[in-house]
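J.: need a 3D model of the sequence below.
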Amino acid sequence: MASHSSSSSRHPSVKWAQRIDKLFITIELSDAKDVKVQLEPEGKFIFSATKGDIPYVVDTELLDKINLEESKYSVGLRSIVYSIKKAEDKWWGRLLKQEGKPPAFLKVDWDKWVDEDDDSEKGGKDFDMDFSVSILSIPCLPYLDVLGSVNYSYGMIIDLCF
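T.: This next block holds a predicted model:
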């Protein structure tokens with residue numbers, strides 16, 4: 001992954017997982033402002049945002065082509081989550097076109113990861129976010145204070161509430 005702008009920009013922490021038909025890319029950057037994303041059908045992925053006065057940038061080439069029309073993202077308080085539809089339903093051996101060791105800020109998202117052999121068994125139980133639903137509309141959100149923390153992941157909230 002190459003830096004998109006000057007050396008004053010930083011890379012946010014990036015996690016990824018996949019299903020046979022889509023990628024999940026999570027940019028961990030709390031309180032991000034001016035969030036911009038550029039996706040291109042050939043697999044170009046550019047993210048930029050600011051936190052305070054510090055610019056954060058990810059500029060990379062994904063391994064293969066993507067379907068722009070069916071790709072979505074959701075900006076939350078602590079992260080930006082992308083659901084990127086692959087152009088072809090197939091498993092990718094890696095996220096990036098660039099071969100070799102991935103950059104230090106790129107990690108596997110084990111919370112969303114499913115092995116290739118398990119994907120067909122999961123059916124509709126994969127991590128499929130509804131990007132039209134605000135976390136504020138989750139019925140049990142007022143009760144989370146009783147649980148003592150607001151540091152629950154979306155998946156944990158769903159498990160607790162439903």
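J.: roughly how far apart are Cys113 and Gly52?
T.: Let me fix one detail, which is that residue 113 is Trp and not Cys. Separation of Trp113 from Gly52 (C-beta to C-beta, to the nearest Å): 31 Å. Placement of C-beta: from N, CA and C, glycine included.
J.: the more surrounded of these two?
T.: Of the pair Trp113 and Gly52, Trp113 is the one with more neighbours under other C-beta atoms under 10 Å, namely 15 against 7.
J.: pretty sure that one is touching Ala17, no?
T.: Yes - at 4.5 Å, Trp113 counts as touching Ala17 under the criterion of C-beta atoms under 8 Å.
J.: the residue nearest to Gln98 when sequence neighbours are not counted: how many residues sit nearby?
T.: In space, and not counting its chain neighbours, Gln98 is closest to Glu61: 6.9 Å by C-beta to C-beta, 6 or more residues apart in numbering. For Glu61, the neighbour count with other C-beta under 10 Å is 16.
J.: tell me where the protein has strands.
T.: 13-18, 22-28, 33-39, 44-51, 54-61, 66-75, 79-86, 106-108 (DSSP state E).
J.: what's the closest of these to Gly93?
T.: Closest to Gly93 of the strands of the chain is strand 13-18 (C-beta to C-beta; 10.3 Å).
J.: quick check: neighbours of the closest one in the sheet, parallel or antiparallel?
T.: Sheet pairing of strand 13-18 (DSSP bridges) gives strand 22-28 (antiparallel), strand 106-108 (parallel).
J.: quick one, that strand and strand 44-51 angle?
T.: 140 degrees (axes from the mean of the first three to the mean of the last three C-alpha atoms, to 10 degrees).
J.: contact partners of strand 13-18?
T.: 23-29, 58, 91-92, 95, 105-114, 127 (C-beta atoms under 8 Å, 6 or more residues apart in numbering).
J.: report the buried residues of that strand.
T.: 14-18 (16 or more other C-beta atoms under 10 Å).
J.: and of those, the nearest to Lys33?
T.: Nearest member of those to Lys33, counting by C-beta to C-beta, is Val14, at 18.1 Å.
J.: residues near Ser8, how many?
T.: For Ser8, using other C-beta under 10 Å, the count is 9.
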